[in-house]
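Student: sequence below, structure please.
(one chain, ligands or ions: 2)
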Amino acid sequence: MPENTPAPCAPEDVRRVACIGAGVIGGGWVAHFLARGYDVTAWDPAADAGDRLRRLVAAAWPALEQIGLADGASQDRLTLAPTLAEAVADADFVQESAPEKLELKRSLLAELAAATRPGVVIASSTSGYPMTDMQTEAENAGRLVVGHPFNPPYLIPLVEVVGGEQTDPGAVAWASRFYGVAGKSVITMDRELPGFIANRLQEALWREALHMVANGEATVEDIDASITEGPGLRWAFMGPCLTFALAGGEGGMAHMLDHFGPSLKSPWTRLEAPELDRALRDAMVDGCREAAGDRTYADLVAARDQGVIDVLRATGRLGSTHR
Ligand SMILES: NC(=O)C1=CN([C@@H]2O[C@H](COP(=O)(O)OP(=O)(O)OC[C@H]3O[C@@H](n4cnc5c(N)ncnc54)[C@H](O)[C@@H]3O)[C@@H](O)[C@H]2O)C=CC1
Ligand SMILES: C[N+](C)(C)CC(=O)CC(=O)[O-]
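Tutor: Ligands and ions are numbered 1, 2, ... in the order given. Predicted coordinates:
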């Protein structure tokens, strides 16, 4: 941090985290920070936000107990603040998870920067807005960073951290260090990139999936099985680059590129996003409903959480990212 805005505390000394916006992701962050033994203050303007949040945290807790809670971790350390200002008043770190609307993020981040103690780092969960575009209305914009999580933030380790043009590099370093202390696996980016890294990759796959459903070439079920029964099994522990190096046999990536390089030019992918018209929307919604069968949302969340825990355990990663 610059000398005139010292961080109020070192990443290791953070005690209270404020979570602003308490939906799917904000609630997931609340569960994560509570499980790590932090005091958490949440604020969300929706009338039913408190009940929703407590339900989400209660549903996540068995999974969190299974992977191990930090000493002193308790759902009782959650406070719901009546106002944004009260939520951030004593916070050592702020995680913003409001809806993905640029104008809303701009004014909310400005309000947060004005209400939060000098130097406290404020991270946005945005899935894709560059911080440069979100920090335009804020004074003290140097402490605003992106801290992009993956659903559910209480189980998926990765956070992508990146600043904007006005962000102090010290704030990026502080946030990266803090997330690490808080049990996350961090990728710190030294420049802004549309979609960061992981969503850029996910988006390419997602567009192709939508094209195939729109054209009646594959069902929702086929698409999901093509990943869960195929590459997804490898990707849980070995990324696409090293996985494909093995496709070259003992010749490794060099042979793989010489052998399959020309197919890169084949028209396998469409890349442009398809028109998300009513028919495509209905096909995706109906396909997912069919895939879910009679499992409720809560059933699916529990199954997903158990699946992630099993994969983390099977690949020896519970100890390294979870304390
Ligand atoms: N859903 C996902 O899989 C992921 C979402 N994200 C990002 O997280 C952020 C939140 O997304 P979700 O949790 O999915 O949305 P959501 O719709 O589940 O939750 C948004 C919450 O924000 C609250 N809210 C509305 N106006 C607000 C305001 N002015 N200030 C504070 N809170 C306000 C709503 O009442 C709601 O509880 C977005 O920026 C999104 O891009 C990031 C990673 C994954
Ligand atoms: C759907 N999404 C783009 C909001 C997803 C993410 O941003 C990350 C995730 O959880 O996959």
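
Student: from now on I want contacts and neighbour counts done on CA atoms only, so please keep to that.
Tutor: Fine.

Student: test my guess that residue 16 contacts residue 90.
Tutor: Yes - in this structure, residue 16 is within contact of residue 90 by C-alpha atoms under 8 Å, at 7.0 Å.

Student: so which of the two has more stuff around it?
Tutor: residue 16 (21 against 16; other C-alpha atoms under 10 Å).

Student: which ones are touching the more buried one?
Tutor: Residue 16 is in contact with 38-41, 90-93, counting by C-alpha atoms under 8 Å, 6 or more residues apart in numbering.

Student: quick check on it: phi, psi?
Tutor: When quoted as degrees, to the nearest 10, the phi and psi of residue 16 stand at phi -120, psi 130.

Student: again with residue 316
Tutor: Residue 316 adopts backbone torsions of phi 70, psi 30, taken as degrees, to the nearest 10.

Student: quick one: pLDDT of it?
Tutor: Predicted confidence (pLDDT) for residue 316: 87.

Student: and residue 3, by the same measure?
Tutor: Residue 3 is given a pLDDT of 37.

Student: quick check: buried residues in the host helix or strand of residue 177?
Tutor: Taking DSSP states H and E as the criterion, residue 177 maps to helix 169-181. Of the residues in helix 169-181, 169-181 count as buried by neighbour count, 16 or more other C-alpha atoms under 10 Å.

Student: which among the contacts of residue 16 count as buried?
Tutor: The neighbour count (16+ other C-alpha under 10 Å) marks 38-41, 90-93 as buried among the contacts of residue 16.

Student: circling back to that earlier point, need the contacts of residue 16 in JSON lines (columns: pLDDT).
Tutor: Putting the contacts of residue 16 into JSON lines (pLDDT from 0 to 100) gives the following:
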{"residue": "38", "pLDDT": "98"}
{"residue": "39", "pLDDT": "98"}
{"residue": "40", "pLDDT": "98"}
{"residue": "41", "pLDDT": "98"}
{"residue": "90", "pLDDT": "96"}
{"residue": "91", "pLDDT": "98"}
{"residue": "92", "pLDDT": "98"}
{"residue": "93", "pLDDT": "98"}
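
Student: restrict those residues to those near ligand 1?
Tutor: Among the contacts of residue 16, none lies close to ligand 1 by the criterion of C-alpha under 6 Å from any ligand atom.

Student: now for the nearest residue to residue 187 once chain neighbours are set aside, how many residues are close by?
Tutor: Nearest residue to residue 187, sequence neighbours excluded (C-alpha to C-alpha, 6 or more residues apart in numbering): residue 160, at 4.9 Å. Per other C-alpha under 10 Å, the neighbour tally for residue 160 reads 23.

Student: packing partners for the helix holding residue 177?
Tutor: strand 121-124, strand 144-148, strand 158-163, strand 185-188 (3 or more C-alpha pairs under 8 Å, 6 or more residues apart in numbering; DSSP states H and E).

Student: and of the buried residues of helix 169-181, the nearest to ligand 2?
Tutor: residue 179 (16.6 Å; C-alpha to the nearest ligand atom).

Student: which ones are touching that closest one?
Tutor: Residues in contact with residue 179 (C-alpha under 8 Å, 6+ apart) are 159, 185-186.

Student: roughly how far does residue 220 sit from residue 213?
Tutor: 7 Å (C-alpha to C-alpha, to the nearest Å).

Student: need the overlap of contacts for the two.
Tutor: Contacts common to residue 220 and residue 213, judged by C-alpha under 8 Å, 6+ apart, are residue 284.

Student: ok so, going back, nearest to residue 61, out of the helices and strands packed on helix 169-181?
Tutor: Of all the helices and strands packed on helix 169-181, it is strand 158-163 that lies closest to residue 61, at 19.5 Å by C-alpha to C-alpha.

Student: direction included, what does that closest one pair up with?
Tutor: Neighbouring strands of strand 158-163 in its sheet, by DSSP bridges, are strand 144-148 (antiparallel), strand 185-188 (parallel).

Student: any chance you could map the strands in the protein?
Tutor: With strands called from DSSP state E, the chain shows them at 16-20, 39-43, 78-80, 93-96, 121-124, 144-148, 158-163, 185-188.

Student: so which of the ones you listed comes closest to residue 50?
Tutor: Using C-alpha to C-alpha, the nearest of the strands of the chain to residue 50 is strand 78-80, at 6.9 Å.

Student: neighbouring contacts of that closest one?
Tutor: Outside strand 78-80, the residues that touch it by C-alpha under 8 Å, 6+ apart are 30, 34, 39-43, 50, 87.

Student: name the nearest of these relative to ligand 1.
Tutor: Among the contacts of strand 78-80, residue 43 lies closest to ligand 1 (C-alpha to the nearest ligand atom), at 6.8 Å.

Student: beta partners for the closest one?
Tutor: The partner residues for residue 43, given DSSP bridges, come to residue 20.

Student: how about the residues of the stretch 101-250 of the chain by ligand 1?
Tutor: So far as C-alpha under 6 Å from any ligand atom goes, the stretch 101-250 of the chain lies against ligand 1 at 125-127, 148-151.
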